[in-house]
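>>> What would the 3D arrangement of this be:
(one chain, ligands or ions: 1)
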Amino acid sequence: MSSFFERLRADSLAVWQDYTRHAFVQGLADGSLPEEAFRTYLAQDYLFLIQFSRAHALAIYKADNLADMQEALAGLKAILDTEMDLHVGLCAGWGLSKDELQKLPEASQTIAYTRFVLETGMRGDLLDLQVALAPCVLGYAEIGRDNLTAQPQGPAAKSYRNWLDEYSGSGYQGVAQAFSDWMDRTADRYLTEARYPALLQTFTQASRLEADFWRMGLDAAR
Ligand SMILES: Cc1ncc(C[n+]2csc(CCO)c2C)c(N)n1
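Take a look at the predicted model:
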């Protein structure tokens, strides 16, 4: 049986692939991505991850049972303990200190995406929130898998490969599978066909905002 994610993905395929096969991703995979684009992306992603932690905290609040609260907590910890460290470490390698990162203003694209997710979660239930989070969690896993054997060339090749390794590795692939299974369990309880169009719209919108986030990086290097 296919997952709820696979249904959403199939029904938004063009937008989904604009995100997961974006020029930014292709540039990471072949090494042609300008370093300034990656640096801008990394810095904004730090601010993005802070807001995404808040969204996972909101999932704890929205959960109506202990098991879901524990799942949401595991997601929160994956960001605060793993994602955040990867980013601060990567940023340091790019000359961006933690102090500098904390002082950066959020770009409009960062605000648009993160506040969309938070607002969707605040006005809806756990399923609305999971669907808004899904493009982030599951899109990066797909990007990792799609580029498992990519061999970036050029000056930033090592950093780009390092980034791809994080998402293609079994650790992150497991996190993504666990998220998809968790969303399936929520859908079993909450999904009705009457709700589906609104949920698909949330998923599609979040995927579009992911593509805008890549575009922000590319535009900084023009
Ligand atoms: C713009 C943007 N979108 C997605 C991710 C990926 N991501 C964010 S939090 C997290 C852990 C999953 O619980 C992962 C994989 C990112 N870093 N930046």
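
>>> what residues are up against the nearest residue to residue 206 once chain neighbours are set aside?
By the measure of Cβ to Cβ, 6 or more residues apart in numbering, the closest residue to residue 206 outside its immediate chain neighbours is residue 135, 4.4 Å from it. Placement of C-beta: from N, CA and C, glycine included. Contacts for residue 135 (Cβ atoms under 8 Å, 6 or more residues apart in numbering) come out as 16, 19, 203, 206-207, 210.

>>> Spatially central residue for this protein, please.
Geometric centre of the chain, nearest residue: residue 136, 2.3 Å, by Cα atoms, centre = their mean.

>>> one step back: the contacts of residue 135 in helices, which ones?
16, 19, 203, 206-207, 210 (DSSP state H).

>>> still on that earlier bit, for the residue nearest to residue 206, which three-state class applies?
Assigned with DSSP: H, G, I helix; E, B strand; the rest coil, residue 135 falls in the helix class.

>>> Would you check how far apart it and residue 52 are?
Between residue 135 and residue 52 the distance, using Cβ to Cβ, to the nearest Å, works out to 12 Å.

>>> Equivalent analysis for residue 143, please.
The value you get for residue 143 to residue 52, if Cβ to Cβ is used, is 16 Å.

>>> If you count surrounding residues, which of the two has more?
More crowded of residue 143 and residue 52, by other Cβ atoms under 10 Å: residue 52, with 24 against 21.

>>> Let me see the ranges of the strands in the protein.
With DSSP state E as the definition, the chain shows no strands.

>>> and it, which residues reach the ligand?
45, 48-49, 52, 75, 78-79, 83, 136-137, 140, 175, 210, 213 (Cβ under 6 Å from any ligand atom).

>>> 5 Å - rerun?
Applying Cβ under 5 Å from any ligand atom, we find that the chain lies next to the ligand at 45, 48, 52, 75, 78-79, 83, 136-137, 140, 213.

>>> possible to save these as CSV with pLDDT?
CSV is the format used below for the residues of the chain next to the ligand (pLDDT from 0 to 100):
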residue, pLDDT
45, 95
48, 96
52, 96
75, 91
78, 85
79, 91
83, 84
136, 97
137, 96
140, 97
213, 98
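
>>> contacting residues for the residue nearest to residue 109 when sequence neighbours are not counted?
Leaving aside its chain neighbours, residue 109 sits nearest to residue 216 (4.2 Å; criterion: Cβ to Cβ, 6+ apart). Residues near residue 216 by Cβ under 8 Å, 6+ apart: 40-41, 44, 107, 109-110.

>>> and the longest helix for the chain?
Max-length helix for the chain by DSSP H is helix 35-62.

>>> Give me the buried positions along that helix.
37-60, 62 (16 or more other Cβ atoms under 10 Å).

>>> for stretch 154-171, same thing?
By neighbour count on 16+ other Cβ under 10 Å, the buried set for stretch 154-171 is 156, 159-161, 163-164, 166-168.
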